[in-house]
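Engineer: Sequence below, structure please.
(chains A and B)
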Amino acid sequence: MINFTDVNLSFTAGMNALNGVNLDISRGEFVYVIGKSGAGKSSFLRLIYADVMPTRGLVKVDGCDIRSLGRLQIPYFRRKIGIIFQDYKLMENVTVFDNIKLATDIYYKLRSEVKDEISLLLRDVGIFEKRDELVCNLSGGEKQRVAIVRALINNPQVIIADEPTGNLDHETAENIMQILNKLRLAGTTILIATHDDNIRQRYPAREIRLEKGKVISDAGVDSE
Amino acid sequence: MYLFMRGFRNFLRDFKSNIVTFISIITLIILFNIFNLTSVVISSFLSSTTSVDSIRVYMLDADKGDISKLSTDLTSFDGVVDVQIFLPSDSKKFIEENTSNINGLDKFSEQFFPTFIDVKLDADGIKNIKSLKEEMYKLSNVEFVSYGEKVLGKFFQIKFITNVFIIVLLILVCLSLASVIFNATRISLYKYNEEMKVYLLVGGTRPFISMPYIFSSMITSLVTSILAIIIFIMLSSFLNSLLVDIDIFIKMPPVWHYIFQIIILNIFSLISSSISVVLFIKRVSSVNDV
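Structural biologist: Next comes the predicted model:
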């Protein structure tokens, strides 16, 4: 599903964010990307959703070399991927429903067409009753659930979560992980960049450890 | 249609914050139309003033026999409808009756005034006025032939300058409107910055993201230009209703003037809003900056 072959990424000359990364991630795999701040976790994830291009090497997602993508093709490519951020990246003064609806707008879908689908996913993550509330009135955990629903609404093949529990208390983080774990069981490929050891112990999976832009270990079990 | 509806929704949402833009555009267009109306009035005045239907043939010293021969010769030309003879006494009287503010005219003797024949022309005569003038010069006892071409030339020059002025003004108004729309679009884009970045995050294409904002600007400029012209027509009609009591009527420009204005202004605004949106979206490039 995701292949990295000798990938280098540098933002400034001589400073590599990623250095000679080689790895393969299969369809439906659940992977933690771990490492200290500045180790290259976010850069690694950004390459997968073609937000940056490798300076050297090959990145393939679902058989597609991201360097071959033109500027006009990137949006279509990105529709295969659901992205969740630590800081949610939601529109604060818009309702929960409308935040999710934004993601369906790209398919020119009307409100009435997506109402049931959104409601179903909101029920799944337990915030259906908050659908008409403004996002700014929600707690951190609720916001992250809205972000998850937004990432899921277009049925992506891959979910990328960059520190999804970073801003949350233990109980809420556990809740979010349960939702992501349910997705894993449904066969979605999931990559999570995290610092949280508790989460990794509770939900063991393959762990790719990065340090100074290099993969220093790639191990773990997929409990499936 | 979906993108147009989104653009319309943005237009309604931004209506309040765009009031300054509406007022600026309406003021600009009304000011332009005031100048345009002035030019149309000047042009129509000049057209009526410069309409030529006769040619004057001035004579050398001539007796009555020469005058009547010349008058007969002139009548034989194609395009000549009628001739009227002005002896020096008639010329003096003509000037006295048709000219104001000339003091001391009565002190001049009649002998200082010319003898001339006013030759009335039909449409064919007017059409061939230059060749008629050449032919008339060939007749005996003719000193000078004129249909007022020097004055006409000056009037045409005034008309030309007025038209150039209006075209330059239209270009300036278009550029002003374009910059107003450019800035208004940019300001509203800042408001939609977050929304735009979310669309980029979930895979929205650039045309999908940009079109609603361009449509919204188009609606803004179309609505305001039509509104400005309606206001202007209402104001001019009101002015005409006041002036009718003193027998003055301002001739309104033809409808195509307004349609042309709306088309030109909206083309400029479409170009400027497109540039504004494209430049803005170029800056909103990275999902990670959301």
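Engineer: C-alpha from now on. contacts and neighbour counts both.
Structural biologist: Will do.
Engineer: taking the mean pLDDT, what do you get for stretch B:169-187?
Structural biologist: Mean per-residue pLDDT for stretch B:169-187: 86.
Engineer: how many neighbours does the closest residue in space to residue A:40 that isn't next to it in sequence have?
Structural biologist: Nearest non-adjacent residue to residue A:40, counting by CA to CA, 6 or more residues apart in numbering or on different chains: residue A:213, 4.9 Å away. Neighbour count of residue A:213, defined by other CA atoms under 10 Å in any protein chain shown: 25.
Engineer: For residue A:52, which residues are in contact?
Structural biologist: A:43, A:46 (CA atoms under 8 Å, 6 or more residues apart in numbering or on different chains).
Engineer: who's in contact with the closest residue to chain A within chain B?
Structural biologist: Nearest to chain A, among the residues of chain B, is residue B:203, at 4.0 Å (CA to the nearest CA). Residue B:203 is in contact with A:74, A:75, A:76, A:77, A:78, A:79, A:106, counting by CA under 8 Å, 6+ apart.
Engineer: tell me the centre residue of chain A?
Structural biologist: residue A:160 (1.6 Å; CA atoms, centre = their mean).
Engineer: Check which element follows the longest helix anywhere in chain A along the chain.
Structural biologist: Ordering each helix of chain A by length in residues (DSSP state H) puts helix A:170-185 first. Once helix A:170-185 ends, the next helix or strand along the chain (criterion: DSSP states H and E) is strand A:189-193.
Engineer: Buried residues, the following helix or strand past that next one. List them.
Structural biologist: Following strand A:189-193 in sequence order, the next helix or strand is helix A:197-202 (DSSP H and E). Neighbour counts over helix A:197-202 (16 or more other CA atoms under 10 Å in any protein chain shown) mark residue A:200 as buried.
Engineer: Next: stretch B:51-66.
Structural biologist: For stretch B:51-66, by 16+ other CA under 10 Å, it's B:52, B:54, B:55, B:56, B:57, B:58, B:59.
Engineer: Confirm the fourth one sits in a strand?
Structural biologist: Yes. Counting by DSSP: H, G, I helix; E, B strand; the rest coil, one finds residue B:56 located in a strand.
Engineer: And the pLDDT for it?
Structural biologist: Residue B:56 is given a pLDDT of 90.
Engineer: contacting residues around it?
Structural biologist: B:116, B:117, B:118, B:119, B:145, B:146, B:147 are the contacts of residue B:56 under CA under 8 Å, 6+ apart.
Engineer: what comes up buried for the helix or strand bottoming out on mean pLDDT in chain A?
Structural biologist: Taking mean pLDDT, DSSP states H and E as the measure, the helix or strand of chain A with the lowest value is helix A:170-185, at a mean of 81. For helix A:170-185, a neighbour-count test (16+ other CA under 10 Å) marks A:172, A:173, A:174, A:175, A:176, A:177, A:179, A:180, A:181, A:183, A:184 as buried.
Engineer: Relative to residue B:106, which of the residues you listed is nearest.
Structural biologist: residue A:176 (110.0 Å; CA to CA).
Engineer: For chain A, which segments are assigned as strands?
Structural biologist: Remark: strands assigned in chain A by DSSP state E are A:2-12, A:15-25, A:30-34, A:56-61, A:64-65, A:81-85, A:158-162, A:189-193, A:206-211, A:214-219.
Engineer: Among those, which comes closest to residue B:254?
Structural biologist: Nearest of these (CA to CA): strand A:81-85, 58.2 Å.
Engineer: Grab the nearest non-local neighbour of residue A:181.
Structural biologist: Nearest one to residue A:181, counting by CA to CA, 6+ apart, is residue A:203 at 7.9 Å.
Engineer: Now do the same contact list for the residue in chain A that chain B sits nearest to.
Structural biologist: Ranked by CA to the nearest CA, the top residue of chain A for proximity to chain B is residue A:75, at 4.0 Å. Residues near residue A:75 by CA under 8 Å, 6+ apart: B:200, B:202, B:203, B:204, B:205.
Engineer: Just put those residues in CSV and tack on pLDDT and secondary structure.
Structural biologist: Putting the contacts of residue A:75 into CSV (pLDDT from 0 to 100; DSSP: H, G, I helix; E, B strand; the rest coil) gives the following:
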residue, pLDDT, secondary structure
B:200, 85, helix
B:202, 86, helix
B:203, 86, coil
B:204, 87, coil
B:205, 86, coil
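Engineer: related to what we said a few turns ago, quickly check the buried residues of stretch B:51-66 for the two that are furthest apart.
Structural biologist: B:52 and B:59 (20.8 Å).
Engineer: What about residue 129, how many residues nearby?
Structural biologist: No chain in the question, so chain A it is. For residue A:129, using other CA under 10 Å, the count is 10.
Engineer: wait, chain B
Structural biologist: Residue B:129 - counted by other CA under 10 Å - has 20 other residues nearby.
Engineer: With residue B:174 instead?
Structural biologist: 22.
Engineer: Could you verify that it is part of a helix?
Structural biologist: Yes. Looking at residue B:174 with three-state DSSP, it is inside a helix.
Engineer: I figured residue B:232 was touching residue B:30, is that so?
Structural biologist: Yes. Checked against CA atoms under 8 Å, the pair residue B:232 and residue B:30 is within contact range at 5.9 Å.
Engineer: Setting aside sequence neighbours, what's the nearest residue to residue B:66?
Structural biologist: Nearest one to residue B:66, counting by CA to CA, 6+ apart, is residue B:141 at 7.4 Å.
Engineer: Quick check: phi and psi on that neighbour?
Structural biologist: phi 70, psi 10 (degrees, to the nearest 10).
Engineer: One more: the one 5 residues further on?
Structural biologist: When quoted as degrees, to the nearest 10, the phi and psi of residue B:146 stand at phi -150, psi 140.
Engineer: how far away is residue B:14 from residue B:178?
Structural biologist: Note on residue B:14: its distance to residue B:178, by CA to CA, to the nearest Å, is 18 Å.
Engineer: neighbour-wise, which of the two wins?
Structural biologist: Each of residue B:14 and residue B:178 has its neighbours counted (other CA under 10 Å); residue B:178 has more, 23 against 15.
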